[in-house]
Each structure stands twice: as structure tokens, then as C-alpha cells.
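**Student:** build the 3D model from these lines:
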Amino acid sequence: MPVTMLDMGARTPRVTDWRLVVQSRLDRVRADLAALGAPDPLDPESTQWRAVAEQEAAVVEDMITRTESRWRAVASWWSGWHIERAWRSLHEAEIAVVAAGNGFLGRMPGLKARVAENLDEHDPRRVALEEMRPGEYPLAIERELVVDALRAAFDASDFAHAGSRALRNKLIATSVVLFVVNTAFGVVGLVEPGLIPMCVGSEKLPTVCPSGKAAAGTDLWLIQVLGAFGAVLSAVVLLLRRRPSLSPYVMVGYQALIKVLLGAALAVVGILALGAGVTTGLIGVASQAALLLWAVILGYGQQVATRLLDSYTDRVMDRARPLPKLDAQR
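**Tutor:** Numbering: from 1, shown residues only. Below is the predicted model of the structure:
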């Protein structure tokens with residue numbers, strides 16, 4: 001009996017936002033192809049562009065419906081090749097459909113708006129498209145101007161998507177490192193209580209520990225949990241102010257994860273600083289409750305560092321799929 005993909009652990013692709021968007025635009029491409037009618041025998045280029053559109057549409061269909069084994073699915077998710085291949089082929093299909101037409105008068109507003117999303121206002125290809133008057137040049141020249149501008153705009157979008165994927169993978173790798181470091185600290189604290197001291201005291205104030213008056217194996221875990229809780233508060237703020245993203249790569253979950261893990265690590269470092277007397281004269285920890293409260297505050301303090309990451313991520317995502325300016329929506 002032959003081995004099927006299902007026997008090898010293959011699975012049908014999940015219905016995701018990016019697949020829904022690509023499928024919708026693929027349906028438009030096929031509808032536009034059907035609306036073109038019969039090919040013009042006097043315009044062989046139009047026939048060639050129709051063939052390109054059909055070929056690229058078939059590639060898109062394959063990308064959004066193909067089945068893969070679980071391990072290959074994980075590799076595809078990490079590399080993002082199926083997402084980016086689907087989008088690039090879809091863009092080529094859309095360009096081919098536009099180029100297959102016998103004129104661009106009715107499409108000019110949409111073409112200009114799409115090119116303006118991704119090309120600078122001084123880009124010569126955008127300028128040439130905006131200054132073009134349908135019928136002013138032979139159809140072949142108009143076609144070249146439109147195709148060149150659209151390809152440049154789509155290339156900019158595709159490269160931005162690749163940049164988004166690279167950033168997502170960096171966030172994941174950073175999260176893994178932070179998780180390993182935090183777990184190692186916690187295990188050390190359980191095996192050797194007090195080796196990483198979480199107790200704070202001074203000449204004027206009694207020694208207090210997270211779980212009581214003496215060091216315990218759960219001290220480090222308790223500080224990490226409270227630091228993570230403080231970071232969760234800043235993650236909630238991130239979620240509330242985040243605008244919806246139309247990119248296939250959604251970063252907000254990974255940003256929140258880094259905040260939580262970094263908050264746990266900074267809480268440990270901060271309590272070590274308090275115990276070392278770095279803040280003597282400025283901060284005094286007189287009770288267990290005060291120590292635990294400082295763990296939460298220190299965990300929230302990671303917002304100072306991750307705010308730069310949030311700003312950078314916003315810029316990357318805006319290039320990948322620009323959204324209207326907030327001022328323009330008011």
C-alpha cells in the first residue's frame with residue numbers, strides 16, 4: 001500500500017488571516033481575467049500577460065492549499081517561504097492582469113493609490129505614473145510605465161514583509177534565551193538556596209527575604225513571578241495602544257513575551273542590587289511586603305528598555321503594511 005501524506009503526519013493548512021486575504025485577492029485576479037474577454041490577436045503582449053497571470057495564480061493556489069508534514073510545516077513557518085512566495089506570486093498575477101488590459105484609464109486612480117503606499121513621492125517611477133495621461137503614449141509604452149511602477153511598489157512591500165519575518169525570528173530567539181536564563185536561575189535557587197541571594201538587609205533595617213525571614217528555595221521563583229507580573233501590566237498597555245496589523249507576521253505576542261521574560265530577569269537583578277547596598281540611602285526595604293512590591297516595580301521597569309523595541313517594531317510593521325495616519329482618521 002503506498003504511503004500517503006496523511007500517513008506521514010501531514011496536515012491541511014490552517015485558515016489564517018493571510019490566507020483569507022490572499023484567497024480573496026486571488027479570486028479578484030481570476031474575475032478580472034475572465035472580464036478581459038477574448039484575447040486581441042493584434043496585441044500579442046496581452047496574450048502573454050494573460051498566460052503569466054494564470055501561471056502565477058496557480059502558484060498562489062498551491063501555496064495556500066498545499067499540505068505538509070508537521071516538521072516541514074514548522075520549517076515553513078520559521079522561514080516564511082510559503083507566505084512570501086504566495087504574496088510575490090499574487091503580486092505578479094495582479095501586475096499581469098493589469099498589463100493584459102487594452103487600456104489603463106479606468107484603473108489609474110487605483111494604480112496611483114497602490115503605488116503611493118510603497119514608493120516615495122520623489123521616486124521617478126511613481127512620478128512617471130502620476131504624470132501619465134492614458135492615450136498620450138502608445139499602449140506598449142503605457143504598459144511599461146505601469147508595470148515598472150507596480151513592480152517597484154510590490155517589491156518594496158515584499159522586502160518589508162521579509163524584514164518583518166526576520167524581526168519576528170529574532171524576537172523568538174531572544175525569548176528562548178531569556179526563558180533558558182530565567183529557568184537556570186530558578187533551578188539554581190531550588191538546588192542551592194541563598195547561592196543567588198534574594199534577601200535584603202542593612203545595618204539599620206532587618207534582613208527580609210521574599211518568602212520570610214530566611215532564604216528558601218522558592219525565593220528566586222517568587223521574585224521572577226512577581227517581576228513577570230509587573231511586566232504583564234506593561235504588556236497590557238502595549239495591547240491597548242496597538243493598532244490592528246494587516247501583515248501576515250503579527251509581532252505583539254512576541255513583544256509581550258519578551259516583556260514578561262525580561263521583567264522576571266530584571267526583578268532578580270534589581271533585588272540583587274538592593275541586597276548589595278547599591279541603593280543605600282535612597283531605598284530602604286523594611287518588610288517582606290516592601291521587597292515583593294519592589295520585585296513588581298522592577299519587573300515593570302523593563303518598559304524603559306523594551307520601549308525602544310516597540311518603536312522599532314512599529315516602524316518595521318508600518319513599512320510592511322502601511323496604515324493610514326492617525327491624524328488623518330480624525
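**Student:** contacting residues for the closest residue to residue 46 other than its chain neighbours?
**Tutor:** Excluding the flanking residues, the one nearest residue 46 by CB to CB, 6 or more residues apart in numbering is residue 100, at 5.0 Å. Where C-beta positions appear, they are placed from N, C-alpha and C, glycine not excepted. Applying CB atoms under 8 Å, 6 or more residues apart in numbering, we find residue 100 in contact with 33, 36, 46, 49-50, 53.
**Student:** at 7 Å instead, please
**Tutor:** 36, 46, 49-50, 53 (CB atoms under 7 Å, 6 or more residues apart in numbering).
**Student:** which of the residues you listed sit farthest apart?
**Tutor:** Maximum pairwise distance among these (CB to CB): 10.6 Å, between 46 and 53.
**Student:** the two: which is more packed in?
**Tutor:** Comparing residue 46 with residue 53 by other CB atoms under 10 Å, the one with more neighbours is residue 53, at 24 against 19.
**Student:** now do the lengthiest helix in the chain: distance to the chain's middle.
**Tutor:** For the chain, the longest helix by residue count, based on DSSP state H, is helix 139-191. Counting by CA atoms, centre = their mean, to the nearest Å, helix 139-191 is centred 6 Å from the centre of its parent chain.
**Student:** next helix or strand past that helix?
**Tutor:** Reading on from helix 139-191 to the C-terminus, the next helix or strand found by DSSP states H and E is helix 219-241.
**Student:** buried residues, the very next helix or strand once past that next one. List them.
**Tutor:** Following helix 219-241 in sequence order, the next helix or strand is helix 252-275 (DSSP H and E). Within helix 252-275, the residues that count as buried by 16 or more other CB atoms under 10 Å are 254-268, 270-271, 274-275.
**Student:** what do you get for stretch 202-220?
**Tutor:** By 16+ other CB under 10 Å, the buried positions in stretch 202-220 come out as 208-211, 215-220.
**Student:** go on, stretch 227-239?
**Tutor:** Buried, per 16+ other CB under 10 Å, within stretch 227-239: 227-232, 234-235, 238.
**Student:** looking at this, residue 39 is in a strand?
**Tutor:** No. Counting by DSSP: H, G, I helix; E, B strand; the rest coil, residue 39 is not found in a strand; it is coil.
**Student:** how about it, phi and psi?
**Tutor:** phi -60, psi 150 (degrees, to the nearest 10).
**Student:** so how many other residues sit close to it?
**Tutor:** Residues lying near residue 39 (other CB under 10 Å) number 15.
**Student:** re the thing from before, list the helices and strands the longest helix of the chain packs on?
**Tutor:** On a contact count with 3 or more CB pairs under 7 Å, 6 or more residues apart in numbering; DSSP states H and E, helix 139-191 meets helix 81-100, helix 108-118, helix 124-131, helix 219-241, helix 252-275, helix 303-320.
**Student:** would a markdown table of those with distance to residue 60 be doable?
**Tutor:** What follows is the helices and strands packed on helix 139-191, written out as a markdown table (distance: least, CB to CB, whole Å):
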| stretch | distance to residue 60 |
| --- | --- |
| helix 81-100 | 5 |
| helix 108-118 | 18 |
| helix 124-131 | 25 |
| helix 219-241 | 32 |
| helix 252-275 | 27 |
| helix 303-320 | 19 |
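**Student:** so for residue 57, which of these sits nearest?
**Tutor:** helix 81-100 (4.9 Å).
**Student:** and the closest one, which residues are buried?
**Tutor:** 82-84, 86-100.
**Student:** again, but for stretch 34-43
**Tutor:** For stretch 34-43, burial by neighbour count (16+ other CB under 10 Å) applies to 36, 43.
**Student:** just give me how far it sits from the chain centre.
**Tutor:** So, by CA atoms, centre = their mean, the centroid of stretch 34-43 is 41 Å from its chain's centroid.
**Student:** list of residues touching that stretch?
**Tutor:** 46-47, 50, 100-102.
**Student:** mind putting those in a markdown table, pLDDT and distance to residue 28 included?
**Tutor:** Listed next are the contacts of stretch 34-43 as a markdown table, based on pLDDT from 0 to 100; distance: CB to CB, whole Å:
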| residue | pLDDT | distance to residue 28 |
| --- | --- | --- |
| 46 | 88 | 19 |
| 47 | 89 | 21 |
| 50 | 93 | 15 |
| 100 | 91 | 14 |
| 101 | 86 | 14 |
| 102 | 84 | 19 |
